[in-house]
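Chemist: Below: sequence and its predicted model.
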Amino acid sequence: MTAPLLKLSRVARTYRNGDVLVEALKPVDLEVDAGTCVAVTGPSGSGKSTLLHVLGCLDRATSGTYLLDGRDVTTLADRDLAAVRNRLIGFVFQRFHLLRDETAERNVELPLLYAGVRRAERRRRAAAALEAVGLSSRAAHVPGRLSGGEQQRVAIARALVKEPRLLLADEPTGNLDSASGDAVLAMLDALHARGVTVVLITHDPEVAAHGSRQLTIRNGVVAEVHATAPGA
Ligand SMILES: Nc1ncnc2c1ncn2[C@@H]1O[C@H](COP(=O)(O)OP(=O)(O)O)[C@@H](O)[C@H]1O
Ligand SMILES: [Mg+2]
């Protein structure tokens, strides 16, 4: 019996807006096994990004305990938290978040630069990641010269270049036309098939159908969606 990759015990995130407390994420117990693709759906403002930021160690829970790969990240110092994040997690965001003055190849290479990987190795791995998303021919283009779908594929290559065990995607198809969105989803499916654990945030039920497990979030409350039996 292996431990889950993610284990949240009464994890909550509260924001303070002046005198008002916003319970963006109410206490949640959640375990996600390695290799799962979890789709999380919910309306705007329901807490999806808050959940993703906590899972991704971009933000900290205000209470509760979060074990990531068996390690309690709740109590880690900032630099240790960043190290765990850099080693284990890749991110894909709705708005791509590429550096606009850098080429596709350079955008993909950057996480390796921060990780201290040498230049020849960086080049090799960035080229392989761009090839994996079908964009070898666009390696020298800056984001402004790429379509939205191509930019998101560059962002996926950047997320993958360090071979993360966990990929967190926040509305990855939200800014794309349906053909480009389908290409991005096919890539996430392929990663899942290769054993990468994926958390896919979306408000689109069709996108959520790509999950091997589905959760909803409403007003900060996370709930499991159970498949309905045929004919039920
Ligand atoms: N930095 C913040 N400060 C204060 N309130 C926030 C902050 N981030 C999010 N919230 C609030 O938390 C709730 C959940 O936000 P969010 O997780 O971004 O929702 P979603 O991604 O589902 O649209 C919203 O009510 C939002 O206004
Ligand atoms: Mg959001």
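Modeler: Great, that's in hand. Ligands and ions are numbered 1, 2, ... in the order given.
Chemist: Show me which residues of this structure are close to ligand 2?
Modeler: Counting by CB under 5 Å from the ion, the residues of the chain close to ligand 2 are 48-49. Where C-beta positions appear, they are placed from N, C-alpha and C, glycine not excepted.
Chemist: what helix or strand is the residue nearest the centre of the chain on?
Modeler: In the chain, the residue lying closest to the centroid (CA atoms, centre = their mean) is residue 168, at 1.1 Å. Remark: residue 168 resides in strand 166-170, with elements defined by DSSP states H and E.
Chemist: Which parts of this protein are strands?
Modeler: Listed in chain order, the strands found in the chain under DSSP state E are 6-17, 20-32, 37-41, 63-68, 71-72, 89-93, 166-170, 197-202, 213-218, 221-225.
Chemist: Tell me what angle the longest one forms with strand 221-225.
Modeler: Meaning strand 20-32. Orientation check (axes from the mean of the first three to the mean of the last three CA atoms, to 10 degrees): strand 20-32 against strand 221-225 gives 30 degrees.
Chemist: Pairing partners for strand 20-32, with directions?
Modeler: strand 6-17 (antiparallel) (DSSP bridges).
Chemist: give the contact list for the residue nearest to the centre of the chain.
Modeler: Residue 168 is in contact with 52, 55-56, 89-92, 198-199, 201, counting by CB atoms under 8 Å, 6 or more residues apart in numbering.
Chemist: Relative to ligand 2, which residue of the protein is the closest?
Modeler: residue 49 (3.2 Å; CB to the ion).
Chemist: which ones are touching that residue?
Modeler: 170, 201.
Chemist: now it: how far from residue 71?
Modeler: 23 Å (CB to CB, to the nearest Å).
Chemist: Next: residue 10.
Modeler: Taken as CB to CB, the span from residue 10 to residue 71 is 18 Å.
Chemist: Also residue 7?
Modeler: Counting by CB to CB, the gap from residue 7 to residue 71 is 10 Å.
Chemist: Among the two, which residue is more densely surrounded?
Modeler: residue 7 (19 against 13; other CB atoms under 10 Å).
Chemist: How many residues are close by the spatially closest residue to that one that is not a sequence neighbour?
Modeler: In this structure, residue 7 finds its nearest non-sequential neighbour in residue 67, 4.2 Å apart by CB to CB, 6 or more residues apart in numbering. Residues lying near residue 67 (other CB under 10 Å) number 17.
Chemist: same check, this time on residue 157
Modeler: 28.
Chemist: mind listing what it touches?
Modeler: Residue 157 neighbours (CB under 8 Å, 6+ apart): 104, 108, 126, 129-130, 132-133, 135.
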